[in-house]
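S.K.: Generate coordinates for the sequence data below:
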Amino acid sequence: MGFILKLLLLSAVLSLLIKYAAPSLLIPATATNALIIVLLPTVIMAIALLWRIPRQTQN
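M.R.: Numbering: from 1, shown residues only. Here you go, the predicted model:
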């Protein structure tokens, strides 16, 4: 139950940051920036999972 509450709180904070703080960032609306924003979470997760493979094979 604690994990779900933490996840909900983090999600609410992130939502508020996107709604109120993001418009003040002056990021130009280009195709390159859109691709970076869309693909960055996938790339980060892939790197994190690939980093764990050597540790899993040693155990």
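S.K.: Quick check: next helix or strand after the strand or helix carrying L9?
M.R.: Assessed by DSSP states H and E, L9 sits inside helix 2-16. Toward the C-terminus, helix 2-16 is succeeded by helix 31-58 as the next helix or strand (DSSP H and E).
S.K.: Show me what that next one is packed up against.
M.R.: The criterion is 3 or more Cβ pairs under 8 Å, 6 or more residues apart in numbering; DSSP states H and E, and there are no helices or strands that helix 31-58 contacts. Bear in mind the C-beta positions are built from the backbone N, C-alpha and C, glycine included.
S.K.: what pLDDT, on average, does it get?
M.R.: Taken as a whole, helix 31-58 has a mean pLDDT of 90.
S.K.: If you count neighbours, what's buried in it?
M.R.: Applying a neighbour-count criterion of 16 or more other Cβ atoms under 10 Å, one finds nothing buried in helix 31-58.
S.K.: Same check on stretch 13-33?
M.R.: Along stretch 13-33, no position meets the burial threshold by neighbour count (16+ other Cβ under 10 Å).
S.K.: End to end on that stretch, go ahead and measure it.
M.R.: End-to-end distance of stretch 13-33: 23 Å, with Cα to Cα, to the nearest Å as the criterion.
S.K.: do the same with stretch 9-27
M.R.: Criterion Cα to Cα; first-to-last residue distance in stretch 9-27 is 27 Å.
S.K.: Let me see the residues that make contact with that stretch.
M.R.: Stretch 9-27 has contacts (Cβ atoms under 8 Å, 6 or more residues apart in numbering) with N33.
S.K.: For it, the averaged confidence score.
M.R.: Here stretch 9-27 scores 91 as its mean pLDDT.
S.K.: tell me, how many neighbours does F3 end up with?
M.R.: Residues near F3, counting by other Cβ atoms under 10 Å, number 7.
S.K.: And the pLDDT at it?
M.R.: You'll see F3 listed with a pLDDT of 91.
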